[in-house]
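S.K.: pasting the structure only:
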């Protein structure tokens with residue numbers, strides 16, 4: 001398990017503790033992730049990609065295969081490692097098997113009604129202790145989970161996991177917590193970020209979070225500068 005010291009967590013209001021999930025589990029089956037629409041680059045995870053339309057799962061798996069091929073050409077991955085990585089990923093058009101997922105990362109377009117429907121469905125399909133996260137970049141996380149029916153228990157496991165494109169290159173991961181996100185769920189997501197070699201920044205549930213909250217005024221200012 002990944003253990004965090006007090007000084008590592010005091011700035012985000014947590015005391016020292018440990019992740020309850022092994023990312024990846026040593027000597028046993030790896031944690032299982034679910035991803036809606038797009039690929040998630042877990043280190044040693046079993047991953048299910050659920051697409052919203054027939055054929056999109058094939059597109060996502062094809063993208064992963066092409067990416068692994070590119071890494072092999074550069075000498076960054078062996079054929080055996082690529083085959084093993086692809087064998088851990090499956091495509092689907094429903095949430096069958098998501099009752100085994102430790103964490104789900106939703107990554108559809110920024111469409112609030114669509115995201116709300118997905119999270120209402122995920123709440124029914126997943127274990128009560130599975131972390132439900134969204135890759136949303138600017139929008140209120142609580143609004144995304146507004147159609148979840150489980151009350152406080154459901155809100156505890158809801159958070160943002162915002163990866164930047166391209167996700168396999170960009171090191172930053174914004175972990176967005178709401179006022180109800182559980183401390184254990186936050187610790188587990190921080191532990192995951194370490195395993196997949198991301199640099200986490202924990203932010204509150206505010207418009208634009210950290211990066212886009214700075215980026216939007218910056219680009220607006222640049223536009224006005226160019227106009228003047």
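M.R.: The structure has been received and is ready for your questions. The shown structure was predicted, so the numbers you read here are calculated from the model rather than taken from an experiment.
S.K.: can you map out the strands along this structure?
M.R.: Counting by DSSP state E, the chain has strands at residues 3-4, 17-18, 32-36, 46-50, 89-92, 103-106, 131-134, 158-163, 172-177, 199-204.
S.K.: Next, format the ones you listed as JSON lines and append mean pLDDT and mean neighbour count.
M.R.: Backbone N, C-alpha and C define where each C-beta goes, glycine included. Output for the strands of the chain, formatted as JSON lines (pLDDT from 0 to 100; neighbours: other Cβ atoms under 10 Å):
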{"stretch": "strand 3-4", "mean pLDDT": "46", "mean neighbour count": "14"}
{"stretch": "strand 17-18", "mean pLDDT": "58", "mean neighbour count": "16"}
{"stretch": "strand 32-36", "mean pLDDT": "60", "mean neighbour count": "24"}
{"stretch": "strand 46-50", "mean pLDDT": "72", "mean neighbour count": "24"}
{"stretch": "strand 89-92", "mean pLDDT": "79", "mean neighbour count": "17"}
{"stretch": "strand 103-106", "mean pLDDT": "92", "mean neighbour count": "25"}
{"stretch": "strand 131-134", "mean pLDDT": "95", "mean neighbour count": "26"}
{"stretch": "strand 158-163", "mean pLDDT": "95", "mean neighbour count": "25"}
{"stretch": "strand 172-177", "mean pLDDT": "94", "mean neighbour count": "21"}
{"stretch": "strand 199-204", "mean pLDDT": "93", "mean neighbour count": "16"}
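S.K.: Could you list the low-confidence segments of this structure?
M.R.: 1-46, 52-63, 67-68, 70 (pLDDT under 70).
S.K.: change it to 50
M.R.: Across the chain, the ranges flagged by pLDDT under 50 are 1-7, 25-30, 37-45.
S.K.: just the helices in it please.
M.R.: Under the criterion DSSP state H, the chain contains helices at 6-9, 56-73, 79-87, 112-125, 141-144, 151-156, 183-195, 211-227.
S.K.: quick one: which of those is nearest residue 98?
M.R.: Nearest to residue 98, of all the helices of the chain, is helix 112-125, at 4.3 Å by Cβ to Cβ.
S.K.: quick one, that closest one and strand 46-50 angle?
M.R.: Orientation of helix 112-125 against strand 46-50 (axes from the mean of the first three to the mean of the last three Cα atoms, to 10 degrees) gives an angle of 130 degrees.
S.K.: What residues of helix 112-125 count as buried?
M.R.: Neighbour counts over helix 112-125 (16 or more other Cβ atoms under 10 Å) mark 115, 116, 118, 119, 120, 121, 122, 123, 125 as buried.
S.K.: now stretch 163-173
M.R.: Counting neighbours by 16+ other Cβ under 10 Å, stretch 163-173 gives 163, 167, 173 as buried.
S.K.: could I get the strands of the chain as TSV with distance to residue 78?
M.R.: Output for these, formatted as TSV (distance: least, Cβ to Cβ, whole Å):
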stretch	distance to residue 78
strand 3-4	32
strand 17-18	33
strand 32-36	23
strand 46-50	20
strand 89-92	17
strand 103-106	27
strand 131-134	31
strand 158-163	25
strand 172-177	27
strand 199-204	27
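S.K.: Many thanks, we can stop here.
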